[in-house]
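Colleague: quick one: sequence and predicted model below, then my questions.
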Amino acid sequence: MARYLIAGAGLAGAVLARELAEGGAEVVVRDERPHVAGNCHTERDAETGVMVHRYGPHIFNTNSDEAWQYVNRFTPFRPFINRVKAVTHKGVFSLPVNLHTINQFFGEAFSPAEARTFVEGLGDDIAEPANFEEQGRKLLGSALYETFFDGYTRKQWGCEPSELPASVLKRLPVRFNYDDNYYNARYQGIPEAGYTAMVEAILDHPGIKVELGQAVAPGDGAGFDHLFWSGPLDQYFGCQLGKLGYRTVYWTEQRFDGDALGNAVLNYPDMSVPFTRKHEHKHFTPWEQHHKTIVFTEFSKATEDGDIPYYPVSRPADKALFGQYAALAKQTAGVSFIGRLGSYRYLNMDLVILETLAFARAFKADPGLTFPPAVEEMLAQ
Ligand code: UDP
């Protein structure tokens, strides 16, 4: 019987463990943290009773039947639609940028067609936007771009918006109707019992042993048939070629009675405000009743030693360094790299699940596989 070690009990590690165990393998999943679920981890706040997303809110959203069926197999989901507001020096606006935002911002009452023509007229004439800033100025024009995106992005990423890929902005829709649903996804929700319960259910299999509070060192794979590493790729190699750039986020907490923000998420794009957003976690579970409330204010900064890596910065230099580490990884036998940190990408939860499932299928046929098939394809280009 094959024996595998998985470093990391987050979503990627758990999904892979389940697939391997269902295939008959014996799997040890080790995580340095005292809990499973990685950055999706949820727990009840002792004082308020609110289900708190310890490492920032996660709202599951996907267009994939496979991903939606997969998560619902392990835990019941409740519908949750994220309706974000932007608090700016010009007022409070609806996000993502939609017809309400445009009409309120310009003091107009445009129809969808009028708004589209108007905003298209504002956009800079850039044929192929090469970066985040060009994408924003082309799509929205300078006034909307600067109010909602420029400051937020500088605070969130700590660099010039022109240094970031256009794909970061493409995460957000621009709508010429009054739809203020933050995501375009067909399926959206939050697990009723939290993400940690969901990941515990994924890991609940007789072939899986979970060991918490224990870091995995690269050499620990020696006693196993294969090591699957869902931590940062550069960390596996002792950062010998240099460090991949990540942003980290951190929060201050405040507790109040009643309703503090009136919404789950408020974004603060102004540069004069030092934080990026506030979250009031009880609004992520509208099916629960709580008299008290807890608010998290989110700040962003570059990672230093000991910080949790959240967002890969993906500037050209980082991408080049990732390519060098990927080449090293492909020359290294007995280890594969999975998940957001293993492949240095800004991945939503559904893609982590889908790519890990695809990896598990491909690994059965080719145990020499280093990365999920989508990453292998990207590297081959
Ligand atoms: N963004 C922005 N203003 C906002 C919200 C988002 O400029 O009010 C930009 C910012 O660069 C951010 C990116 O769009 O990093 C993606 O936003 P998203 O809400 O998807 O970020 P996440 O929730 O993944 O942190």
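Modeller: Structure's in. What do you need?

Colleague: buried sites along the helix-or-strand element of the chain with minimal mean pLDDT?
Modeller: Least confident helix or strand, the chain: helix 166-169 with a mean of 90, by mean pLDDT, DSSP states H and E. Along helix 166-169, these residues count as buried under the neighbour rule (16 or more other CB atoms under 10 Å): 166, 168-169. C-beta coordinates here come from the backbone N, C-alpha and C atoms, glycine included.

Colleague: what does stretch 290-302 give?
Modeller: Neighbour count says stretch 290-302 has 290, 293-298, 300 buried, by 16+ other CB under 10 Å.

Colleague: out of those, the closest to residue 134 would be?
Modeller: Checking the buried residues of stretch 290-302 against residue 134 with CB to CB, the nearest one is residue 300 at 22.3 Å.

Colleague: host element of that closest one?
Modeller: strand 292-302 (DSSP states H and E).

Colleague: what helices or strands is that strand leaning on?
Modeller: Using 3 or more CB pairs under 8 Å, 6 or more residues apart in numbering; DSSP states H and E, the elements in contact with strand 292-302 are helix 151-157, strand 246-257, strand 277-280.

Colleague: the longest one and the ligand in contact?
Modeller: Going back to what we said before, that points to strand 246-257. No - taking CB under 6 Å from any ligand atom as the criterion, strand 246-257 and the ligand are apart, separated by no less than 7.9 Å.

Colleague: just the last one next, same as before
Modeller: No - judged by CB under 6 Å from any ligand atom, strand 277-280 and the ligand are separated, with a smallest distance of 7.6 Å.

Colleague: show me what that strand is packed up against.
Modeller: Counting by 3+ CB pairs under 8 Å, 6+ apart, strand 277-280 packs on strand 265-267, strand 292-302.

Colleague: what's the average pLDDT for that strand?
Modeller: Averaging pLDDT along strand 277-280 gives 98.

Colleague: what sits up against that strand?
Modeller: Residues outside strand 277-280 that contact it (CB atoms under 8 Å, 6 or more residues apart in numbering): 53, 56-57, 259-268, 293-298.

Colleague: what residues sit buried inside the helix or strand hosting residue 93?
Modeller: According to DSSP H and E, residue 93 maps onto strand 91-94. Using 16+ other CB under 10 Å as the burial criterion, the residues of strand 91-94 that qualify are 93-94.

Colleague: elements contacting it?
Modeller: Using 3+ CB pairs under 8 Å, 6+ apart, strand 91-94 sits against strand 85-88, helix 99-106.

Colleague: now these as a markdown table including distance to residue 3, mean pLDDT and mean neighbour count?
Modeller: Converted to a markdown table, the helices and strands packed on strand 91-94 look like this (distance: least, CB to CB, whole Å; pLDDT from 0 to 100; neighbours: other CB atoms under 10 Å):
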| stretch | distance to residue 3 | mean pLDDT | mean neighbour count |
| --- | --- | --- | --- |
| strand 85-88 | 50 | 98 | 20 |
| helix 99-106 | 54 | 98 | 19 |
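
Colleague: among the ones you listed, which comes closest to residue 378?
Modeller: strand 85-88 (33.0 Å).

Colleague: now that closest one, how far from the chain's geometric center?
Modeller: The chain centroid and the centroid of strand 85-88 are separated by 21 Å under CA atoms, centre = their mean, to the nearest Å.

Colleague: so does it get close to the ligand?
Modeller: Yes - interface with the ligand: strand 85-88 contributes residue 86 (CB under 6 Å from any ligand atom).

Colleague: so which bits of the helix ranked longest in the chain are buried?
Modeller: When the chain is parsed with DSSP state H, its longest helix is helix 349-365. Residues 349-357, 359-360, 362-363 are the ones in helix 349-365 that count as buried (16+ other CB under 10 Å).
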